[in-house]
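Participant: fold the following and give me the result.
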Amino acid sequence: MAYVQTLKDLFKRYRRPGDLVFATVFFLFSLVALLSLGTQVAWVAGNELAAQPAFWPTVAVGAMVVCAGFHLAGSLASPRISGRWAEVWIWVRSFEYAAWFMLYVLVVPRAGYLVATVIFAFVLSLRAGYRRSAVLAAMLGGVAVVVIFKGLLGVHVPGGDLYRLLPPGPVRTFLLSYL
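Facilitator: Presented below is the predicted three-dimensional model:
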């Protein structure tokens, strides 16, 4: 059985690419949370310390700041390894899909649920690298989602402005109500 010889061996860190960036961002986030506690929680006169509404959030955020500080200090003390920015770029690229979703949320009230869903299924499947039958399957899946959620389950999604351009009649009413 091998024993740890020194305290340094016990606390040895194995750094990963992007660790310093993550530690810095998390430490800054925890500081912002700590600084905003005054506007988010209240101390009530006459309550015991542990019964204060602000006590446990303050303990939690304080612990988060301390732990994030230790993580940052450990990251600064660890030897540098290559690949940090490649790892950060992977994180940034993942925000692309959040941006696509926000764009989708903005387009649905204008184009309508069906049209926006089919267009975004088409574009995102192409963006993901799919071709031909997979793109068609994604578009049909988009139609199925719209029919199930709005038509069968009755989930209320406002009709698009595009549907309102159609002449009054049963087709327009159907599209506004069910698609």
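Participant: what comes up buried for the helix or strand encompassing Val25?
Facilitator: Per DSSP states H and E, Val25 falls inside helix 19-35. Applying a neighbour-count criterion of 16 or more other Cβ atoms under 10 Å, the buried positions in helix 19-35 are Asp19, Leu20, Phe22, Ala23, Phe26, Phe27, Ser30, Ala33. (Glycine included, C-beta is placed from N, CA and C.)
Participant: now those in a markdown table, with pLDDT and distance to Gly169?
Facilitator: Below are the buried residues of helix 19-35 laid out as a markdown table (pLDDT from 0 to 100; distance: Cβ to Cβ, whole Å):
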| residue | pLDDT | distance to Gly169 |
| --- | --- | --- |
| Asp19 | 83 | 62 |
| Leu20 | 85 | 63 |
| Phe22 | 88 | 57 |
| Ala23 | 91 | 61 |
| Phe26 | 95 | 57 |
| Phe27 | 97 | 61 |
| Ser30 | 97 | 58 |
| Ala33 | 96 | 55 |
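Participant: out of those, the closest to Tyr130 would be?
Facilitator: Phe22 (31.3 Å; Cβ to Cβ).
Participant: ok, the closest one to Leu31 distance?
Facilitator: Look at Phe22 and Leu31: by Cβ to Cβ, to the nearest Å, they are 15 Å apart.
Participant: one more: Val65?
Facilitator: Using Cβ to Cβ, Val65 is found at 6 Å from Leu31.
Participant: what about the helices in the protein?
Facilitator: Shown for the chain, the helices assigned by DSSP state H span residues 7-10, 19-35, 37-40, 55-77, 84-111, 113-127, 133-146, 161-164, 170-178.
Participant: output the lowest mean pLDDT helix or strand found in the chain.
Facilitator: Lowest on mean pLDDT, DSSP states H and E among the helices and strands of the chain sits helix 7-10, with a mean of 64.
Participant: show me how far the helix holding Val25 is from its chain's centre.
Facilitator: 17 Å (Cα atoms, centre = their mean, to the nearest Å).
Participant: who are the packing partners of it?
Facilitator: Applying 3 or more Cβ pairs under 8 Å, 6 or more residues apart in numbering; DSSP states H and E, we find helix 19-35 packed against helix 55-77, helix 84-111.
Participant: between the last one and helix 113-127, what angle do the directions make?
Facilitator: Regarding helix 84-111 and helix 113-127, their directions subtend 150 degrees when assessed with axes from the mean of the first three to the mean of the last three Cα atoms, to 10 degrees.
Participant: ok now helix 84-111, how far from the chain's centre?
Facilitator: On Cα atoms, centre = their mean, the centre of helix 84-111 falls 9 Å from the chain's centre.
Participant: packing partners of it?
Facilitator: Packing partners of helix 84-111 (3+ Cβ pairs under 8 Å, 6+ apart): helix 19-35, helix 113-127, helix 161-164.
Participant: over to the first one?
Facilitator: Taking 3+ Cβ pairs under 8 Å, 6+ apart as the contact definition, the neighbouring helices and strands of helix 55-77 are helix 19-35, helix 37-40.
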